[in-house]
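**Student:** sequence below, structure please.
(one chain, ligands or ions: 2)
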Amino acid sequence: MIFHTQRATRSLQPRFARLNASIANQNLAASKDSNDKLMTSIQAIISVEHVNLDYRKENEKLPVLTDVSMQAFKDEFIAVTGPSGCGKSSLIRIIAGLNKPTTGVVKFRDQPITKPRSEIAMIFQNFVLLPWRTALENVVFGLSSNHELTEDQKKEKALKALEETNLKGFENVFPGELSGGMKQRVGIARALALEPEVLLMDEPFSSLDDLTAEHLRQEIYSTLINPSSPIQSVIMISHNVEEIVELSDKVVVLSARPGHVVDTLRIDMPRPRNKKSEEFFAWVDRLYSLLA
Ligand SMILES: Nc1ncnc2c1ncn2[C@@H]1O[C@H](COP(=O)(O)OP(=O)(O)O)[C@@H](O)[C@H]1O
Ligand SMILES: [Mg+2]
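**Tutor:** Numbering: from 1, shown residues only. Ligands and ions are numbered 1, 2, ... in the order given. Purely as a prediction, here's the structure:
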């Protein structure tokens, strides 16, 4: 079973230390400027470049994003935050290839993203499951655009993903019979079954009660940092400051609509992070003050 906190904790440091180690090896760690240069010399997995987005409403232009640029590198867990309505969901949908920017470009390893691609999977806030399909059928359905897989292979991948999300035994249950936390696990399984390189999450825990959310956060994090996971980079939309500090390596803070990047923080706190430590509180405070 992949969801095992002890094992995850042990394997956690090496995977996330890699990026920092590569910076240190090149003796550039001291200077922020040099770090930025080094980061741009390592190829980004996702690169959002000068994205502008306007919606049209009754012939009026609604500017939603202005000149948003950000990058996701290997082994980075990134949070994007900002006030409600600032364009976070719009941005993540553009990264997923579900929406097009008005101007600007988003690239996956230097290739412009113009439509959804198999290397990028998304977990939605409100589960978005088909109520007339079982948990297993929902996960298999998520693989339907992959024409290289036989039906048996799809089923095999779906069963594995359901096992990874602790849903073994619930394969044949319909969404209506599942709790919120379990529905979201099906949503997570559907994304994991795609074996994506990039995982996008739009407020994945916000519709769950606190306890379920905390549990699922730990589980999903353990899965992601497992060295056998194909996922290289995560971009999570969140407005939950504690959740962001608990999970993220980097936080991109957007302004109110039209959203633009007001700050990018690197949370270099060691892991596992102690949510009761002074350091944790200091980061929470710092992020709150940026959002205030
Ligand atoms: N498809 C759409 N057509 C027109 N306006 C939209 C559409 N989707 C979102 N909006 C508007 O764009 C703004 C940003 O929305 P959204 O990206 O959902 O923000 P957030 O996720 O940060 O709350 C909001 O004012 C919203 O009403
Ligand atoms: Mg949103």
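
**Student:** what sits closest to Q125 if chain neighbours are left out?
**Tutor:** Nearest residue to Q125, sequence neighbours excluded (Cβ to Cβ, 6 or more residues apart in numbering): E203, at 4.4 Å. (Each C-beta comes from the backbone N, C-alpha and C, glycine too.)

**Student:** can you pull out the strands in this protein?
**Tutor:** Remark: strands assigned in the chain by DSSP state E are 46-57, 60-72, 76-81, 103-108, 111-112, 120-123, 198-202, 233-237, 250-254, 261-266.

**Student:** helices and strands around the fourth one, which ones?
**Tutor:** Packing contacts for strand 103-108, counted by 3 or more Cβ pairs under 8 Å, 6 or more residues apart in numbering; DSSP states H and E, involve strand 46-57.

**Student:** picking up where we left off before, turn the strands of the chain into JSON lines, including distance to Y221, mean pLDDT and mean neighbour count.
**Tutor:** Formatted as JSON lines, the strands of the chain follow (distance: least, Cβ to Cβ, whole Å; pLDDT from 0 to 100; neighbours: other Cβ atoms under 10 Å):
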{"stretch": "strand 46-57", "distance to Y221": "19", "mean pLDDT": "96", "mean neighbour count": "17"}
{"stretch": "strand 60-72", "distance to Y221": "16", "mean pLDDT": "97", "mean neighbour count": "18"}
{"stretch": "strand 76-81", "distance to Y221": "8", "mean pLDDT": "97", "mean neighbour count": "24"}
{"stretch": "strand 103-108", "distance to Y221": "23", "mean pLDDT": "98", "mean neighbour count": "17"}
{"stretch": "strand 111-112", "distance to Y221": "28", "mean pLDDT": "96", "mean neighbour count": "10"}
{"stretch": "strand 120-123", "distance to Y221": "13", "mean pLDDT": "94", "mean neighbour count": "23"}
{"stretch": "strand 198-202", "distance to Y221": "11", "mean pLDDT": "96", "mean neighbour count": "24"}
{"stretch": "strand 233-237", "distance to Y221": "9", "mean pLDDT": "96", "mean neighbour count": "25"}
{"stretch": "strand 250-254", "distance to Y221": "15", "mean pLDDT": "97", "mean neighbour count": "23"}
{"stretch": "strand 261-266", "distance to Y221": "18", "mean pLDDT": "96", "mean neighbour count": "15"}
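
**Student:** show me which helix or strand of the protein is least confident by mean pLDDT.
**Tutor:** Within the chain, confidence by mean pLDDT, DSSP states H and E is lowest for helix 5-25 among all helices and strands, at a mean of 40.

**Student:** hmm, back to that, Serialize the strands of the chain to CSV and add fields for distance to ligand 2.
**Tutor:** Rendered in CSV, the data for the strands of the chain read as follows (distance: least, Cβ to the ion, whole Å):
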stretch, distance to ligand 2
strand 46-57, 13
strand 60-72, 11
strand 76-81, 10
strand 103-108, 17
strand 111-112, 24
strand 120-123, 13
strand 198-202, 6
strand 233-237, 6
strand 250-254, 11
strand 261-266, 17
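
**Student:** could the ones you listed go into JSON lines alongside distance to G176?
**Tutor:** Formatted as JSON lines, those follow (distance: least, Cβ to Cβ, whole Å):
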{"stretch": "strand 46-57", "distance to G176": "33"}
{"stretch": "strand 60-72", "distance to G176": "34"}
{"stretch": "strand 76-81", "distance to G176": "32"}
{"stretch": "strand 103-108", "distance to G176": "35"}
{"stretch": "strand 111-112", "distance to G176": "40"}
{"stretch": "strand 120-123", "distance to G176": "20"}
{"stretch": "strand 198-202", "distance to G176": "23"}
{"stretch": "strand 233-237", "distance to G176": "27"}
{"stretch": "strand 250-254", "distance to G176": "36"}
{"stretch": "strand 261-266", "distance to G176": "40"}
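
**Student:** show me the contacts for the residue nearest to L162 when sequence neighbours are not counted.
**Tutor:** Distances taken as Cβ to Cβ, 6+ apart place A189 nearest to L162, at 4.9 Å, with adjacent residues excluded. A189 sits next to A135, V139, A158, A161, L162, E164, T165, L167 when contact means Cβ atoms under 8 Å, 6 or more residues apart in numbering.

**Student:** what pLDDT does T165 get?
**Tutor:** As summarised for this prediction, T165 has a pLDDT of 87.

**Student:** which residues does it contact?
**Tutor:** Residues in contact with T165 (Cβ under 8 Å, 6+ apart) are F3, R185, V186, I188, A189, L192, E219, T223.

**Student:** do V234 as well
**Tutor:** A72, E76, F77, I78, V198, L199, L200, M201, L224.

**Student:** surely the first one meets I46?
**Tutor:** Yes: judged on Cβ atoms under 8 Å, A72 makes contact with I46 at a distance of 4.0 Å.
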